[in-house]
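Enquirer: whatever this is, show me its structure:
(2 chains)
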Amino acid sequence: AQKVTQAQTEISVVEKEDVTLDCVYETRDTTYYLFWYKQPPSGELVFLIRRNSFDEQNEISGRYSWNFQKSTSSFNFTITASQVVDSAVYFCALILNNAGNMLTFGGGTRLMVKP
Amino acid sequence: DAMVIQNPRYQVTQFGKPVTLSCSQTLNHNVMYWYQQKSSQAPKLLFHYYDKDFNNEADTPDNFQSRRPNTSFCFLDIRSPGLGDAAMYLCATSRRTGTPVFEAFFGQGTRLTVV
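Expert: Residues are numbered from 1 along each chain as shown, chains lettered A, B, ... in the order given. Below is the predicted model of the structure:
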């Protein structure tokens, strides 16, 4: 069965610091998709990125960047120059191509950015 | 513009009194999901509709039911809410037509309180 682990349950940084959120996944499937979602205090899960298992190219979007490494089964998320508005719970998730439509979530990492 | 809309945002119900939560979408996605999220936990999938086909997770209690009268709307019925059912309920949609797998879009959630 598949599994997603976010070892950091809570991280606290000061504004403008860089921060990396770790995500490690387990699956025996060769085709799968990885996601990051942000959940601010309002409750809505906001989609950030999707990456398929055949695409190990890292991605940068503004202050956000993602490092996907199949060799270590990791899909880490870095926020550069963090801001107070980045404070939220971040979830890493996995979906298998042949497992219906079920997202397997990690436990989430609560990020607190202090002014 | 909101694409996945959940009503109400907050719902208070009495122990044992049936309650219905609603979700609508403007994305014309063929898959709709209901997740339960308890405090400081990851969302847990209750069930999903793939088009008109209902898919129940094995560990979803019988107390939870769902209806999808058309593509745009989906309802979560809790027949006899218990105190343990107090949680945030998240509706999500996605487009799924074989591969690739697309990201799910979430509503803002309904926070259910049972008194």
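
Enquirer: what pairs with the residue most central in space within chain B across the strands?
Expert: Centroid-nearest residue in chain B, with CA atoms, centre = their mean: B:Trp34, separated by 2.6 Å. Beta bridges link B:Trp34 to B:Phe47, B:Cys91 when assigned by DSSP bridges.

Enquirer: what sits against it?
Expert: Neighbouring residues of B:Trp34 by CB atoms under 8 Å, 6 or more residues apart in numbering or on different chains: B:Cys23, B:Leu45, B:Leu46, B:Phe47, B:His48, B:Phe64, B:Ser66, B:Cys74, B:Leu76, B:Tyr89, B:Leu90, B:Cys91. Using the backbone N, CA and C atoms, a C-beta is placed for each residue, glycine as well.

Enquirer: quick one: contacts for the nearest residue to the fifth one once chain neighbours are set aside?
Expert: Once its chain neighbours are removed from consideration, B:His48 has its nearest residue in B:Tyr33; the separation is 4.2 Å (CB to CB, 6 or more residues apart in numbering or on different chains). For B:Tyr33, the contacting residues are A:Asn101, B:Leu45, B:Phe47, B:His48, B:Tyr49, B:Cys91, B:Ala92, B:Thr93, B:Ser94, B:Ala104, taking CB under 8 Å, 6+ apart as the criterion.

Enquirer: do the same with A:Ile79
Expert: Contacts for A:Ile79 (CB under 8 Å, 6+ apart) come out as A:Asp18, A:Val19, A:Thr20, A:Leu21, A:Arg63, A:Tyr64, A:Asp86, A:Leu111.

Enquirer: B:Asp51 - how many residues pack around it?
Expert: Look at B:Asp51: counted by other CB atoms under 10 Å in any protein chain shown, it has 12 neighbours.

Enquirer: I figured it hits B:Asn28, correct?
Expert: No - the pair B:Asp51 and B:Asn28 does not pass the contact test of CB atoms under 8 Å, sitting 11.8 Å apart.

Enquirer: for the closest residue to A:Gln57 other than its chain neighbours, what are phi and psi?
Expert: The spatially closest residue to A:Gln57, leaving aside those adjacent along the chain, is A:Phe68, at 7.7 Å (CB to CB, 6+ apart). Backbone torsions of A:Phe68, given as degrees, to the nearest 10, read phi -110, psi 120.

Enquirer: report pLDDT for A:Phe68.
Expert: On the pLDDT scale, A:Phe68 is placed at 95.

Enquirer: so what's the gap between stretch B:49-66 and the chain middle?
Expert: Its chain's C-alpha centre and that of stretch B:49-66 lie 10 Å apart, by CA atoms, centre = their mean, to the nearest Å.

Enquirer: pull up the distance across it, start to finish.
Expert: Distance between the two ends of stretch B:49-66: 9 Å, counting by CA to CA, to the nearest Å.

Enquirer: stretch A:41-54 now?
Expert: For stretch A:41-54, the first-to-last residue distance is 34 Å (CA to CA).

Enquirer: if we can go back for a sec, I figured the residue nearest to A:Gln57 was touching A:Arg50, is that so?
Expert: No - here A:Phe68 does not reach A:Arg50: they are 11.0 Å apart, not a contact under CB under 8 Å.

Enquirer: what do the two both touch?
Expert: Common contacts of A:Phe68 and A:Arg50, defined by CB under 8 Å, 6+ apart, comprise A:Leu34.
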